[in-house]
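Novice: Structure of the sequence below:
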Amino acid sequence: MQRLFYIQKSNINKKKNFFAYNIILFLFVLLSILEPKQIKLLSNLNIIWFYPQYFILGIAVLVLVAFKDNIVINKSNIKLLLISYLFSFCYLISAFINNGILNLSTDVLFSLQGLFKVLIQYCFYILLLVILIDNYPKVIIFIMKYVIVLSFINIIFILIGIISYRTGVNFLPIQGAINKEIMHQSWVKILSFSSFLPKFGGVFAETQELGLYLLISYIFYLLLRKYKIKVNRILLIYGQLLPALIILTLSKTVIPALAFFLIWSYKGKKYLKYKALFTLLFAICFLIIIVTTYSNSIRYYYIYALKADSIGERMFHIMTFFTFVKEHIFSFFIGMGPYNYGGYIQAVNPVLFNKYTNAISIFTIFVESGFFGFIVYLFFWGYMIVKSKDYLIKCSLISILIGNIGQPNWSMDILVLAFIIIYNLDNYGGLLNENHN
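Specialist: I've put the predicted structure just below:
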């Protein structure tokens, strides 16, 4: 009788621990998705965001590994960690030289804040994720499901915000802030047509960031289907609608990323010649549309940057950096240091730019850490793509890299979370498929 009571009590404790463990994981994924800038904007809060997601993941890992005799780290993940530390080191050297030796920073504390964000993501965050995944591979499934669930919730939030904007009925107490967001980012130009399409990123400041998140959700959805992991019927239908939702964001880098994924993931390794042909045709058609639509901004990038044209503004920041490099050749190799570009461009034009301004693309890495940091970052992705044996995982990583090229915030936590999860599916996919259902 005592033994039976012990077994029942043990089962109850396991269920409680499992529930607490899932709550911690869910909160961590939620906080990884939330963008501090957007949360403060929507909530009209003037607070310092202390990155609670890292603290929660730290607790989750400590609680889980505390009961293990040996903490395991996969060899492939050790190599991944070494590359991420090398990338962080490039940022550290850039910050040290620019802020301490060359004195190019106009706000040293702000620059160190940018350095801290990189170090905590690419040293602490990735390390904890790797420990969590290598010791408890099933977290991969839960994290992927939570990303899709939160994606669905965010879309509902967006729809309510847009409907409220259209009808004038305030269903949400923060509708005023949402209306400003819609007015700010909803002017759309395709070919010679300009129109107002109500767009709102939800918990993301930009709809292109939303597009990247939806792309990650769609890839997670298909990977779960591939490994025959059960998904709720509502999420099953939602997953099939994700490509259409991604296209509606009208992101000029995420849509090509989606097209690449749909073309190359179809039927696995079959029809490679046809896939290459369709990719080439899509690229030509897409470039014609882009060049036709943004011909003036491409030709007169300096003028159109001042009009906040998406293509012109990106080109303006790239050319501005290379103009700076002509006088500071050393900056080509080590960059301007984290968060220092904003101070420089603000001094050039304080009316239109501020210290938060960046290159609005993956080129921000080049601006901040130079040629060395940029090469290491690309090698980071290249290593994961080359080392992945599964064809679909390779397609997934390449697609997310393409979608990441034009992002205003290349260091989004959800991006880091996504490539670590997808890369590790190559090691643990078969195990999850055997044990989860």
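Novice: so where do the strands sit in the stretch 51-200 of the chain?
Specialist: 187-190, 193-196 (DSSP state E, counting those that start in this stretch).
Novice: Pick the most deeply packed of those.
Specialist: For the strands of the stretch 51-200 of the chain, average neighbour numbers computed from mean count of other Cβ atoms under 10 Å are highest in strand 187-190, which has a mean of 13. Where you see a C-beta, it was placed from the backbone N, CA and C, and this is true even at glycine.
Novice: Tell me the strands beside that strand, with direction?
Specialist: strand 193-196 (antiparallel) (DSSP bridges).
Novice: contacts for the partner strand?
Specialist: Ser186, Trp187, Val188 (Cβ atoms under 8 Å, 6 or more residues apart in numbering).
Novice: For the nearest residue to the last one once chain neighbours are set aside, give me its contacts.
Specialist: Counting by Cβ to Cβ, 6 or more residues apart in numbering, Val188 lies nearest to Leu197, which is 4.6 Å off, once chain neighbours are set aside. Contacts here follow Cβ under 8 Å, 6+ apart; on that basis Leu197 touches Ser186, Val188, Leu250.
Novice: Quick check: the last one touching Gly201?
Specialist: No: because the distance of 12.0 Å does not satisfy Cβ atoms under 8 Å, Leu250 is recorded as not touching Gly201.
Novice: ok, Thr167 to Pro173 distance?
Specialist: Separation of Thr167 from Pro173 (Cβ to Cβ, to the nearest Å) stands at 16 Å.
Novice: One more: Val416?
Specialist: 32 Å.
Novice: again with Ser369
Specialist: For Ser369 relative to Pro173 (Cβ to Cβ), the value is 41 Å.
Novice: Which one of these two is surrounded by more residues?
Specialist: A direct count of neighbours by other Cβ atoms under 10 Å for Ser369 and Pro173 places Ser369 higher, at 29 against 8.
Novice: For the more buried one, give me the pLDDT.
Specialist: At Ser369, the model reports a pLDDT of 95.
Novice: Please apply the same query to Ile234.
Specialist: The predicted local confidence for Ile234 is 92.
Novice: Same question for Gln2.
Specialist: In this prediction Gln2 is given a pLDDT of 42.
Novice: next one: Asn435
Specialist: Per the predicted model, pLDDT is 54 at Asn435.
Novice: Gly430: what's it in contact with?
Specialist: Contacts of Gly430 (Cβ under 8 Å, 6+ apart): none.
Novice: Now render the strands of the stretch 51-200 of the chain as a markdown table, adding mean pLDDT.
Specialist: Formatted as a markdown table, these follow (pLDDT from 0 to 100):
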| stretch | mean pLDDT |
| --- | --- |
| strand 187-190 | 77 |
| strand 193-196 | 77 |
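Novice: Dump the ones you listed to a markdown table, plus distance to Leu352.
Specialist: Listed next are the strands of the stretch 51-200 of the chain as a markdown table, based on distance: least, Cβ to Cβ, whole Å:
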| stretch | distance to Leu352 |
| --- | --- |
| strand 187-190 | 18 |
| strand 193-196 | 22 |
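Novice: Identify whichever of these lies nearest to Phe324.
Specialist: Set against Phe324 and scored by Cβ to Cβ, the strands of the stretch 51-200 of the chain come closest in strand 187-190, at 29.7 Å.
Novice: for that closest one, the distance to its chain's centre please.
Specialist: Centre-to-centre, strand 187-190 and its host chain are 24 Å apart (Cα atoms, centre = their mean, to the nearest Å).
Novice: what residues does it touch?
Specialist: Ser194, Ser195, Phe196, Leu197, Lys199, Leu250, Ile289, Thr293, Tyr294.
Novice: hmm, try it at 10 Å
Specialist: Outside strand 187-190, the residues that touch it by Cβ atoms under 10 Å, 6 or more residues apart in numbering are 194-199, 250, 289-290, 292-294, 297, 308-310.
Novice: Which two among these are spaced furthest apart?
Specialist: Pro198 and Thr292 (24.5 Å).
Novice: More neighbours: these two, which one.
Specialist: Neighbours were counted for Pro198 and for Thr292 using other Cβ under 10 Å; Pro198 has more, 16 against 11.
Novice: Poorly predicted segments of the stretch 251-400 of the chain, please.
Specialist: 308 (pLDDT under 70).
Novice: Compare neighbour counts for Leu250 and Gly201 and give me the winner.
Specialist: Gly201 (22 against 17).
Novice: In a strand, that one, correct?
Specialist: No: secondary structure assignment (DSSP: H, G, I helix; E, B strand; the rest coil) places Gly201 in coil, not in a strand.
Novice: So it versus Gly168, what's the distance?
Specialist: 21 Å.
Novice: Equivalent analysis for Leu306, please.
Specialist: 33 Å.
Novice: what's the answer for Ile78, then?
Specialist: Using Cβ to Cβ, one obtains 57 Å as the distance from Ile78 to Gly168.
Novice: Those two - which one has more neighbours?
Specialist: Of the pair Ile78 and Gly168, Ile78 is the one with more neighbours under other Cβ under 10 Å, namely 11 against 8.
Novice: Isn't the more buried one up against Ile126?
Specialist: No: Ile78 is beyond contact range of Ile126, at 11.4 Å (criterion: Cβ atoms under 10 Å).
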